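[1] please work out how this folds:
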Amino acid sequence: MAEKFEKPIRELFAQGPEGLSRELKENGALRLFCWLSLIFLKSHLKDKYLNLQPDRRRGEAKIGELHNWEDIHHIHCLARAFYTRCELAPEVIGSLLVLPAKVRPHLESFDYIDLSFAQTMLLRMDDTAVIAVLNDSGAVLTIYFEELDKIRGPLSPLQLREMAARFAAINIHLADRPRFSSDLNFLTEEYKIVAHRPAEWYLGEWQDQIQGNLMYHVCESLVPNGPERKQTLQNLKTGRYTFIVDTDGNFLHDHMDLAPRPLTDTKGE
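    Residues are numbered from 1 along each chain as shown. So this is what the prediction gives:
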């Protein structure tokens, strides 16, 4: 379980996407992955105390009642791995993708979303974004890998949220899921979490509606107001709409950039 680097997580992110990717390649993703698992876990432990309906006249049900806590148990084990001195087999690490994030004065510098039922999360800080699927044993990234060639620059907040939704949709559609188990040796007091994976990853029957609902859920709040908003939201629900590339498959470098100001005619001044 020992990590080769001792830098705090904040310093890893301060290196930017290229520096963070290099650090993970050289020293492994275990530390960052367990840290992300801890964030996910703590976010949803609070749901046990938060009302599902803000208006208490509509009941006292809690958000946590919607969660399948048996599924989140695996995340709990990952988050506590450094405390329990548990060894994690390499296959336990889920899909973890570092991406460059667009930085503009009119854009927020931080974003966090997660999809609890798909155990997928997005964390963006300044120019660095990380998307993680916590329970797929790397399946999603394996399936989606070729699509990454379309990304030719920093992604806007909406483009990143779309990526997270697509990762979540693939995770939901996995035909054969990995299984995780604990190997305990009571004589040596060694504890190891291992993953049991199929020989090949493939998807079951794909449903565009599922991806559409996910995209609408995470993207709706960031779609700007304007005459095109209503149509954009309807397109999102189809599951076939994208903010990442245009109709010719070219990466949208200027997505969410402000339109240039028109030139002012100063001849009469």
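[2] the stretch 1-150 of the chain: helices as residue ranges?
    Ranges of helices in the stretch 1-150 of the chain, per DSSP state H, counting those that start in this stretch, are 9-14, 16-27, 30-45, 69-79, 81-84, 139-144.
[3] revised request: answer the last question for the stretch 151-269 of the chain.
    Remark: helices assigned in the stretch 151-269 of the chain by DSSP H, counting those that start in this stretch are 157-172, 208-219, 229-238.
[4] turn these into a markdown table, including mean neighbour count and distance to residue 182.
    Backbone N, C-alpha and C define where each C-beta goes, glycine included. Listed next are those as a markdown table, based on neighbours: other Cβ atoms under 10 Å; distance: least, Cβ to Cβ, whole Å:
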| stretch | mean neighbour count | distance to residue 182 |
| --- | --- | --- |
| helix 157-172 | 24 | 22 |
| helix 208-219 | 19 | 31 |
| helix 229-238 | 14 | 40 |
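[5] mean pLDDT and distance to residue 122 for those - can I get that in a markdown table?
    Formatted as a markdown table, those follow (pLDDT from 0 to 100; distance: least, Cβ to Cβ, whole Å):
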| stretch | mean pLDDT | distance to residue 122 |
| --- | --- | --- |
| helix 157-172 | 98 | 4 |
| helix 208-219 | 96 | 8 |
| helix 229-238 | 96 | 16 |
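[6] out of the ones you listed, which comes closest to residue 136?
    Evaluated with Cβ to Cβ, these place helix 157-172 nearest to residue 136, the distance being 5.1 Å.
[7] could you dump the closest one to PDB, C-alpha only?
    Output of helix 157-172 as PDB, limited to C-alpha atoms (Å, rounded to 0.1, in the frame of the first residue of the first chain):
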ATOM      1  CA  PRO A 157     -17.700  22.600 -17.800                       C
ATOM      2  CA  LEU A 158     -20.600  21.200 -19.900                       C
ATOM      3  CA  GLN A 159     -18.200  19.100 -22.000                       C
ATOM      4  CA  LEU A 160     -16.800  17.600 -18.800                       C
ATOM      5  CA  ARG A 161     -20.200  16.900 -17.300                       C
ATOM      6  CA  GLU A 162     -21.100  15.200 -20.600                       C
ATOM      7  CA  MET A 163     -18.000  13.000 -20.300                       C
ATOM      8  CA  ALA A 164     -19.000  12.000 -16.700                       C
ATOM      9  CA  ALA A 165     -22.500  11.100 -17.900                       C
ATOM     10  CA  ARG A 166     -21.100   9.000 -20.700                       C
ATOM     11  CA  PHE A 167     -18.900   7.100 -18.300                       C
ATOM     12  CA  ALA A 168     -21.800   6.500 -16.000                       C
ATOM     13  CA  ALA A 169     -24.000   5.300 -18.900                       C
ATOM     14  CA  ILE A 170     -21.300   2.800 -20.000                       C
ATOM     15  CA  ASN A 171     -20.900   1.600 -16.400                       C
ATOM     16  CA  ILE A 172     -24.600   1.000 -16.100                       C
END
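[8] returning to what we had before: okay if I get the helices of the stretch 151-269 of the chain as a markdown table plus distance to residue 9?
    Below are the helices of the stretch 151-269 of the chain laid out as a markdown table (distance: least, Cβ to Cβ, whole Å):
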| stretch | distance to residue 9 |
| --- | --- |
| helix 157-172 | 19 |
| helix 208-219 | 24 |
| helix 229-238 | 32 |
